[in-house]
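Enquirer: Structural data only, the sequence is not supplied:
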């Protein structure tokens, strides 16, 4: 079964410096029908004005993944890490017993466009950890494993039995993915148009997938998307 979550049905928040779209309930946006899916708790699509952003603030017991779509994002955290992330970069913070971080637009002139994703960890009180990896040069025509429980194939390690893939397809290309028994999928389109087993998704749209095993993902135009394989 595939259930669509259309882009224009998401929660919206415009704070002037921040234009946000919330796939699931977040902050002042609450929808009891959309509070998360499996381990997924947050998918926020944020556009942040130049030199603005999220000042130092705390988290604990959450796996936080940030994907930069366009622009540059300045990261700092209480573990001593600093970085400037650019388009195609992925960051993972395992908040565990507690961490503080800030994410600020590094540009004085251009907005930064990003996805912020939270997943519930499979256990509490993990040791906080940070990692990042660039997928800016990832080739088109296939799925790239971005994050996983095992950290296999060079992916970022997360404390959850979730495989996160980045799909980059040219128009007419397709990728296949097999969901194991009892597994679920979530597809989040970043740019372009994507057909998922006969359902068309546009930029910002998502598909919640249960009781399906074989996925065929076909680009109707050049497309970037995320695929979550969830337990």
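Expert: Arrived safely, thanks for sending. Fair warning: this is a prediction, and the values are worked out from it, not measured in the lab.
Enquirer: where does this protein dip in pLDDT?
Expert: Counting by pLDDT under 70, not a single residue of the chain qualifies.
Enquirer: Which parts of it belong to which domain?
Expert: Domain segmentation of the chain under automatic domain parsing yields 10-134, 142-230.
Enquirer: I'd like those as TSV, with distance to residue 3 and mean neighbour count appended.
Expert: C-betas here are computed from N, CA, C, even on glycine. TSV is the format used below for the domains of the chain (distance: least, Cβ to Cβ, whole Å; neighbours: other Cβ atoms under 10 Å):
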stretch	distance to residue 3	mean neighbour count
domain 10-134	9	17
domain 142-230	4	18
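Enquirer: Any idea which of those domains gets closest to residue 2?
Expert: domain 142-230 (5.2 Å; Cβ to Cβ).
Enquirer: And that closest one, end to end?
Expert: Start and end residues of domain 142-230 are separated by 19 Å (Cα to Cα, to the nearest Å).
Enquirer: just to revisit the earlier point, looking at the domains of the chain, which is closest to residue 1?
Expert: domain 142-230 (5.1 Å).
Enquirer: just how off-centre is the closest one within its chain?
Expert: 11 Å (Cα atoms, centre = their mean, to the nearest Å).
Enquirer: Look up which helix or strand residue 212 falls in, please.
Expert: In this structure, residue 212 is located outside every helix and strand according to DSSP states H and E.
Enquirer: For the most centrally placed residue in the chain, give its distance to residue 218.
Expert: Centroid-nearest residue in the chain, with Cα atoms, centre = their mean: residue 117, separated by 4.5 Å. With the distance defined as Cβ to Cβ, to the nearest Å, residue 117 ends up 24 Å from residue 218.
Enquirer: Also residue 93?
Expert: 33 Å.
Enquirer: how about residue 216, what does it touch?
Expert: 174, 175, 176, 195, 196, 197 (Cβ atoms under 8 Å, 6 or more residues apart in numbering).
Enquirer: what's across from it in the sheet?
Expert: residue 176 (DSSP bridges).
Enquirer: For residue 188, which residues are in contact?
Expert: 23, 43, 115, 206, 225, 226, 228 are the contacts of residue 188 under Cβ under 8 Å, 6+ apart.
Enquirer: again, only this time at 7 Å
Expert: Counting by Cβ atoms under 7 Å, 6 or more residues apart in numbering, residue 188 makes contact with 43, 206, 225, 226.
Enquirer: got it, and residue 119?
Expert: Contacts of residue 119 by Cβ under 7 Å, 6+ apart are 39, 40, 41, 63, 158, 160, 162.
Enquirer: which two in those residues are spaced the farthest apart?
Expert: 41 and 158 (12.9 Å).
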